[in-house]
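Peer 1: sequence first, predicted model second:
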Amino acid sequence: MKAVDIAASYAREIGCTVQSDVPMSGYTTFKVGGPSELMITPRNDDELSKIMKKCADVGISPFILGNGSNLVVSDEGLEGVTIFMGARDSLALEGDEEISCAAGVSVSRLCGFALKNNLSGLEFAYGIPGSVGGALYMNAGAYGGEFSHVVTGCEYIGSDGAPKFMKVGDMALSYRRSVFAENGGVITKVFIKLCRGDGDEIRRRMNATLEKRRQKQPLQYPSAGSVFKRPEGCFAGALIEQCGLKGKSIGGAQVSEKHAGFIINTGGATASDVLALIELVKKTVFESTGVLLEQEIKTVGRRREE
Ligand SMILES: Cc1cc2nc3c(=O)[nH]c(=O)nc-3n(C[C@H](O)[C@H](O)[C@H](O)COP(=O)(O)OP(=O)(O)OC[C@H]3O[C@@H](n4cnc5c(N)ncnc54)[C@H](O)[C@@H]3O)c2cc1C
């Protein structure tokens, strides 16, 4: 029996939702990507822990899927096991100023919960379309804030299936990076420390953040946000614009006219279109400015044999 079939029958046995050949275009904000060979959705941490252990036993490293808002999945799709974190949705106040939040909760729901409880500190994050687990993994940030400023710790399941706790100081959080990229752990619950504030003022700041996004970003098109990290001392979007690439298209993928740091799906783009455009942008910017752009969005999945 193939390792992936062993994982599938075990996941069914313990009650997880198990799906085969799920098109990833339906699970990513870019709306591109081929099928996930096996998608498992555990209902709770116990099921997740068991699945992680089984995967380790049969030699599979599962891919962890949050809200798919920072991903380009190849047209050939994802081999092996994808674990989808979206099923769990718990949020709670811990004392006066701390929130515990399941990793599958959306960042906007977390921000709404903070607002409802007059807690300030997450205004920067309003409008980031990820899950809280994905936001911690990426140390997502905007407008001078980032998750490292508000997180105190998290619960996670190690790649061996064991539940663990980590304090923020051990997470190696830096610009769009965390230790979870190296240790293979799955973040299950995030603890966030905020401070008491005035509800009207918090709402005003959240709405202002959203307005800035609406004005600057091509939110009416599918995308994965900024494609590249900010290079030292400049902005990727400005460099791309300077190289005359605004509006450049390959198939259905286009460098946004509104914000050159975004690549958008203008309709019917394939992952290959997006990846070819990323390569073209990198090459052109490097040749004309000497700056090597580093990708912020993650490219995952099988690739066609050249
Ligand atoms: C319109 C738009 C605007 C955006 N604006 C911003 C912005 O202002 N700032 C910013 O930082 N980002 C921004 N992004 C990018 C994206 O929303 C963030 O990176 C977000 O944090 C990704 O979360 P996700 O749940 O979608 O992760 P996914 O895209 O599903 O996954 C991203 C990575 O995280 C890993 N991962 C996800 N969940 C877990 C988990 N529970 N445990 C372990 N690993 C996990 C995945 O394996 C993958 O490697 C934007 C995207 C879009 C489309």
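Peer 2: Sure thing, it's come through.
Peer 1: so where's the chain shaky on pLDDT?
Peer 2: Residues of the chain meeting the criterion pLDDT under 70: 87, 304-306.
Peer 1: which parts of it sit against the ligand?
Peer 2: Counting by C-beta under 6 Å from any ligand atom, the residues of the chain close to the ligand are 29, 63-71, 85, 103, 128-131, 133-135, 137-138, 140-142, 180, 186-187, 217, 219, 223-225, 298. All C-beta spots, glycine's among them, are computed from the backbone N, C-alpha and C.
Peer 1: mark which of these are buried, thanks.
Peer 2: With burial judged by 16 or more other C-beta atoms under 10 Å, the buried subset of the residues of the chain next to the ligand is 29, 63-71, 85, 103, 128-131, 133-135, 137-138, 140-142, 180, 186-187, 217, 219, 223-225.
Peer 1: for the chain, what spans make up the helices?
Peer 2: Assigned by DSSP state H, the helices in the chain fall at 3-13, 45-58, 107-116, 132-138, 180-183, 199-216, 236-242, 271-289.
Peer 1: got a list of what whichever residue of the stretch 201-306 of the chain sits closest to the ligand touches?
Peer 2: Among the residues of the stretch 201-306 of the chain, residue 225 lies closest to the ligand, at 2.5 Å counting by C-beta to the nearest ligand atom. By C-beta atoms under 8 Å, 6 or more residues apart in numbering, residue 225 lies in contact with 69-70, 129, 217, 262, 296-297.
Peer 1: on that earlier part again, dump the helices of the chain into TSV; add distance to residue 23 as well.
Peer 2: As requested, these are exported to TSV (distance: least, C-beta to C-beta, whole Å):
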stretch	distance to residue 23
helix 3-13	18
helix 45-58	22
helix 107-116	24
helix 132-138	20
helix 180-183	26
helix 199-216	28
helix 236-242	30
helix 271-289	11
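Peer 1: relative to residue 252, which of those helices is closest?
Peer 2: Nearest to residue 252, of all the helices of the chain, is helix 271-289, at 5.6 Å by C-beta to C-beta.
Peer 1: against which helices or strands is that closest one packed?
Peer 2: strand 71-73, helix 236-242, strand 249-250, strand 253-255, strand 262-265 (3 or more C-beta pairs under 8 Å, 6 or more residues apart in numbering; DSSP states H and E).
Peer 1: so for residue 89, which of the ones you listed sits nearest?
Peer 2: Evaluated over the helices and strands packed on helix 271-289, closeness to residue 89 peaks at strand 71-73, with 20.9 Å, by C-beta to C-beta.
Peer 1: quick one on the thing from earlier: and which of the contacts of residue 225 is nearest to residue 167?
Peer 2: Among the contacts of residue 225, and counting by C-beta to C-beta, the member closest to residue 167 is residue 70, at 24.5 Å.
Peer 1: surely that closest one is in contact with residue 134?
Peer 2: Yes - contact criterion C-beta atoms under 8 Å: residue 70 and residue 134 qualify, at 6.6 Å.
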